[in-house]
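Q: Quick check, what structure comes out for this input:
(one chain, ligands or ions: 1)
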Amino acid sequence: MKKYQQLINGALVDSHSNQFIEVENPYTGEIMAHAPQGDEVDAQLALDAAQNAQDAWAAQPAIVRAQALKKMANVIRENRIELANILASEQAKVLPLAQIEIDFTADYFDYYAGWARIYEGEIIQSDRPKENMLLFRQPMGVVVGICPWNFPFFVMARKVAPALLTGNTIVIKPSSETPATTLEFAKHVAGLDLPAGIVNFTSGRGSTLGEKLVRSPITAMVTLTGSVEAGTRIIEGTAENITKCSLELGGKAPAIVCADADLDLAVKAVVASRVIFSGQVCNCAERLYVENSIADEFTEKLVAAMKAVTYDSPFADPAPDMSCQVSHSQLEKIEAMVDLARKEGAEVLCGGKRPDMKTGYFYAPTVLGNCKQDFDVVRNEVFGPVLPVLTFNDLDEAIALANDCEFGLTSSIYTANINKAFEAINRLKFGETYVNRENFEAMQGFHAGWRKSGIGGADGKHGLYEYLQTHVAYIQY
Ligand code: NAP
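A: Predicted coordinates for the structure are as follows:
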């Protein structure tokens, strides 16, 4: 069994508490690794290291800082197979998808390294003669990055890459559910000969180590990807020091299928979106609105496609469409939501139970018919392979139902009519809308949720600017 350490101030260290978190392989049920259960002392050491390193790091030209990102990309590529195996094991992510996450993460570091010569300040016209106004973009200082369990490796890079490139230093806290891949990477980072303290990988619970990182006056910015509950805690924790927070939280993505859509394409995309990583993806179709005139035909095709979804070990060959849920508690949560939907009047069109598997926290791909807008399963994030189906009469109604939601992360529409597509794009109140494709964002885009899905966002130019503050100089000559 692997025993991991934290990376603090350039050195691999055990936790101050000397306690460990057991990392479970959710498919086998075995404990596959021990991760440090860092406490407040570890948090303070990491913050101090990041603070001490920050001025010198910010003083380096951006192109020099970019070298650190390139080194990280390279070390990920050199260890891509091992990292993917750990990722697939610690969270039951099917191996090809785990490999995509690892490779995409390396590309992500390279992508932001490329911004070194691109991001700029501004020269603003002054109201006074013989004066220049210069707007500088400068680093925040010490950033704390708190990661979820569902894309633990990629989300780590989504925080580390833009933070370091812009001259911040960073302390990362992975989810205590899935810390292994990140801590394996930390081992490799320790060998990269980077300035001590610029990037620190801690490990521990959100309620102790996490709270300390968030509430510290050293922390200039907290970036969290996680649940609305954790987001609320971060807002409370950062209030005391008026610390900036960037929050990427849950979603409840609507998928709208119009009668003129290519129905086979829509079925394929919606099913792929709903079952990828066993439905545990923030931006994937969580509720389906189908135009009345095609509802029966579409639902029939949908149920057939969901019944055909394969599930097995994350390492099975050929790879199944999905594996099991990340934990027993997630499985129980999904089960409880489907049971409640049944009581509220939903009809289980397929699935609706744990399948007969020898091992793993499996929930069968499920379609729920007869759903109403006020059902819990339509209003709240399931985070499992469960799709409630509702119907609509016209586009106005579909848009109103889609917008009637506390979350505003992503949305999608399937139609052959460009006017309908633009009408929807202009009226859907979500950070992203996908037309005739499944939900997935690009690194050069901007992933940002409306309403309870978050504050701020990640990726691309706008994601980079999250890590910079402005400084205006007025210069008389
Ligand atoms: P979570 O339970 O909220 O945990 C996220 C992280 O926050 C974990 O590292 C957790 O630590 C930490 N945390 C919890 N309470 C904290 C506190 N008081 N102070 C500091 N840190 C704290 O979320 P999750 O279950 O890992 O992830 C699933 C959720 O993330 C879903 O809602 C999903 O939609 C969302 N998500 C959103 C996006 C997006 O881009 N918008 C992307 C991926 C996932 P512990 O692990 O120790 O509890």
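
Q: Now Met443. Its backbone dihedrals?
A: Backbone torsions of Met443, given as degrees, to the nearest 10, read phi -70, psi -20.

Q: Start at 50, not 1
A: With 50 as the first residue, the last one maps to Met492.

Q: Would you agree it is in contact with Gly509?
A: Yes: Met492 is in contact with Gly509 according to C-beta atoms under 8 Å; the separation is 7.0 Å. In this view, the C-beta of every residue, glycine as well, is placed from N, C-alpha and C.

Q: So which bits of the stretch 300-449 of the chain are right by the ligand?
A: Within the stretch 300-449 of the chain, the positions adjacent to the ligand are 300, 331, 430, 432 by C-beta under 6 Å from any ligand atom.

Q: give me that answer again for 8 Å
A: 300, 329-332, 430, 432 (C-beta under 8 Å from any ligand atom).

Q: Closest one of the residues you listed to Lys402?
A: Checking those against Lys402 with C-beta to C-beta, the nearest one is Phe432 at 17.5 Å.

Q: for that closest one, what are its contacts?
A: Counting by C-beta atoms under 8 Å, 6 or more residues apart in numbering, Phe432 touches 199, 328-329, 379, 382-383.

Q: Kindly present those residues as JSON lines, with separate columns for neighbour count, secondary structure and pLDDT.
A: Below are the contacts of Phe432 laid out as JSON lines (neighbours: other C-beta atoms under 10 Å; DSSP: H, G, I helix; E, B strand; the rest coil; pLDDT from 0 to 100):
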{"residue": "Asn199", "neighbour count": "22", "secondary structure": "coil", "pLDDT": "95"}
{"residue": "Gly328", "neighbour count": "24", "secondary structure": "helix", "pLDDT": "97"}
{"residue": "Gln329", "neighbour count": "24", "secondary structure": "coil", "pLDDT": "97"}
{"residue": "Gln379", "neighbour count": "23", "secondary structure": "helix", "pLDDT": "97"}
{"residue": "Lys382", "neighbour count": "16", "secondary structure": "helix", "pLDDT": "97"}
{"residue": "Ile383", "neighbour count": "24", "secondary structure": "helix", "pLDDT": "98"}
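
Q: Out of these, flag the one nearest to Thr268.
A: Nearest member of the contacts of Phe432 to Thr268, counting by C-beta to C-beta, is Asn199, at 24.1 Å.

Q: Now for the closest residue to the closest one other than its chain neighbours: which residues touch it?
A: Closest residue to Asn199 apart from its sequence neighbours, by C-beta to C-beta, 6 or more residues apart in numbering: Gln329 at 4.9 Å. Residues near Gln329 by C-beta under 8 Å, 6+ apart: 199, 374-375, 379, 432-433.

Q: Kindly report the same for Ser502.
A: Ser502 is in contact with 297-300, 456-458, 479-480, counting by C-beta under 8 Å, 6+ apart.

Q: Where does the stretch 300-449 of the chain get nearest to the ligand, residue-wise?
A: In the stretch 300-449 of the chain, the residue that lies nearest the ligand is Cys331 (3.3 Å; C-beta to the nearest ligand atom).

Q: For Gly300, see how far away that residue is.
A: Distance of Cys331 to Gly300, computed by C-beta to C-beta, to the nearest Å: 5 Å.

Q: okay, and the common contacts of those two?
A: 458-459.

Q: my guess is Ser256 is in a strand, correct?
A: No: applying DSSP: H, G, I helix; E, B strand; the rest coil, one finds Ser256 to be helix, outside a strand.

Q: coming back round to it: could you save the contacts of Ser502 as CSV and add columns showing distance to Leu136?
A: As requested, these are exported to CSV (distance: C-beta to C-beta, whole Å):
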residue, distance to Leu136
Glu297, 20
Leu298, 23
Gly299, 22
Gly300, 22
Phe456, 26
Gly457, 29
Leu458, 23
Phe479, 28
Gly480, 26
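
Q: thought Met121 was touching Leu214?
A: No: with contact defined as C-beta under 8 Å, Met121 and Leu214 do not form a contacting pair (11.0 Å).

Q: what sits against Pro178?
A: Counting by C-beta under 8 Å, 6+ apart, Pro178 has no contacts.

Q: What does it show for phi and psi?
A: phi -70, psi 160.

Q: thinking again about what came up before, most neighbours among the contacts of Ser502, which one is it?
A: Neighbour counts for the contacts of Ser502 (other C-beta atoms under 10 Å) peak at Leu458, which has 30 neighbours.

Q: So for it, what's the pLDDT?
A: pLDDT for Leu458: 97.

Q: correct me, but it touches Thr482?
A: No: judged on C-beta under 8 Å, Leu458 makes no contact with Thr482 at a distance of 10.8 Å.

Q: Looking at the contacts of Ser502, which are in helices?
A: Using DSSP state H, no member of the contacts of Ser502 sits in helices.

Q: quick check, nearest of the residues you listed to Gln518?
A: Ranked by distance to Gln518 (C-beta to C-beta), the contacts of Ser502 are led by Glu297 at 19.7 Å.

Q: residue contacts, that closest one?
A: Going by C-beta under 8 Å, 6+ apart, Glu297 touches 272-275, 331, 496-498, 502-503, 505-507.

Q: Let's see that with 6 Å instead.
A: 274, 503 (C-beta atoms under 6 Å, 6 or more residues apart in numbering).

Q: who's it bridged to?
A: Thr274, Gly503 (DSSP bridges).

Q: Tell me which stretches of the stretch 100-249 of the chain form strands.
A: Under the criterion DSSP state E, counting those that start in this stretch, the stretch 100-249 of the chain contains strands at 171-173, 180-188, 191-195, 218-222, 248-250.

Q: Of all those, which one comes closest to the ligand?
A: Comparing these by C-beta to the nearest ligand atom, strand 191-195 comes nearest, at 4.7 Å.

Q: That closest one pairs with which strands?
A: strand 218-222 (parallel), strand 268-274 (parallel).

Q: want to try a markdown table for the ones you listed, with mean neighbour count, mean pLDDT and distance to the ligand as columns?
A: Putting the strands paired with strand 191-195 into a markdown table (neighbours: other C-beta atoms under 10 Å; pLDDT from 0 to 100; distance: least, C-beta to the nearest ligand atom, whole Å) gives the following:
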| stretch | mean neighbour count | mean pLDDT | distance to the ligand |
| --- | --- | --- | --- |
| strand 218-222 | 30 | 98 | 6 |
| strand 268-274 | 26 | 98 | 5 |
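
Q: neighbours around Asn475, how many?
A: 9.

Q: Let me know the helix or strand that it is in.
A: Asn475 is located in helix 467-476, with elements delineated by DSSP states H and E.

Q: what about that helix, average pLDDT?
A: 97.
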